[in-house]
Structure formats: structure tokens, C-alpha cells
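Engineer: model this:
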Amino acid sequence: MKIVQRSRKAEEKRLDTTVTIEFFTESEQHLKTLEHQLKHVHDVEIYLIEPRDANAPALVAIGIDKSGERAKIAVHNVAQVLYDFIHEDTAAPGQKQILLLTIEGERVDIEPLPIEEIERIMNAAKEGESA
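Structural biologist: Below is the predicted model of the structure:
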């Protein structure tokens, strides 16, 4: 999937999406916090699509544009950020939910998953994009 993102200079930039997540939250601050944390992961680009409808999920496209060891590290770091974020004690249960869209198009709730499983899903998506 290609997403066109505009920079401050209004130049077009292409983002090769590795995975997409749907993020449900009752707080816009949670969304901004997640976006901020993901943007600090090296070798990863983030594109946020905020919903117009308050009941709809935000979409977060995550692009990992490296390969080899750097891609594995980036995938691990993204999985760690997602895992830590969903398990933070700052929100009441049910206030935030992250669904990872798999390469097969399935939606997987990451809350009960260990980090290794989140990584496995993301690595499968990364391998699928280069095939």
C-alpha cells in the first residue's frame, strides 16, 4: 500500500506501509502519545489518519524502509512500543484498543499477545511486501 504524505515544504513523499493498525481510544491524548512514541523509533515512518467520526478508529500506517538486521531491530522496537503502550496503567481497561491488520487482512487485537507474536505478525507483513 502506498500513502502520499505531505511535508512542511509541500513535497510529496511516498510511504511504503509495512503494517497498519487500527487504534480505538476515548482520548485524543492517547492517540498523540502513541504517535509520538512510534515516531521516535529509528528506521520507521509513521502516517496517522485521524477519524472524523468519534466512534471510528484512527489508522496508523507503519513503514519500515530498511532490510536485514536494521529491519529486525525496527520491528522489535515497534512491537515493544505497541506492547508497552497497550499495557500502560494510565488508562482504564477498554479505553484503548489496538488492532493489527495482518498480511491476510485479518484484524488481531494485540492486547493479549506477547511481544514475540506481535513481532512475528509484523515480520510476516514485512516479508510479504518484499515478495
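Engineer: Is Thr20 in a helix, a strand, or coil?
Structural biologist: Secondary structure, DSSP: H, G, I helix; E, B strand; the rest coil: Thr20 is strand.
Engineer: If you could redo that for Gly63, that was the one I meant.
Structural biologist: When the structure is reduced to helix, strand and coil (three-state DSSP), Gly63 reads as strand.
Engineer: right, and it touches Glu45 too?
Structural biologist: Yes - the pair Gly63 / Glu45 is scored as a contact, 4.3 Å apart, by CB atoms under 8 Å. For glycine as for every other residue, the C-beta is placed from the backbone atoms N, C-alpha and C.
Engineer: Do me a favour and average the pLDDT over stretch 108-118.
Structural biologist: Summarised as a single mean, pLDDT over stretch 108-118 is 94.
Engineer: can you give me how far it is from the chain middle?
Structural biologist: 13 Å (CA atoms, centre = their mean, to the nearest Å).
Engineer: Now it: buried residues?
Structural biologist: Within stretch 108-118, the residues that qualify as buried are 108, 110, 113, 118, counting by 16 or more other CB atoms under 10 Å.
Engineer: Among those, which are located in strands?
Structural biologist: For the buried residues of stretch 108-118, the ones inside strands are Val108, with DSSP state E as the criterion.
Engineer: Name the nearest of the buried residues of stretch 108-118 relative to Glu50.
Structural biologist: When the buried residues of stretch 108-118 are compared for distance to Glu50 (CB to CB), Ile110 comes out closest, at 20.1 Å.
Engineer: In this structure the closest one contacts Asp84, no?
Structural biologist: No - counting by CB under 8 Å, Ile110 stays clear of Asp84, with 11.3 Å between them.
Engineer: returning to what we had before: using JSON lines, lay out the buried residues of stretch 108-118 together with distance to Lys39.
Structural biologist: Written out in JSON lines, the entries for these read as follows (distance: CB to CB, whole Å):
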{"residue": "Val108", "distance to Lys39": "23"}
{"residue": "Ile110", "distance to Lys39": "19"}
{"residue": "Leu113", "distance to Lys39": "23"}
{"residue": "Ile118", "distance to Lys39": "18"}
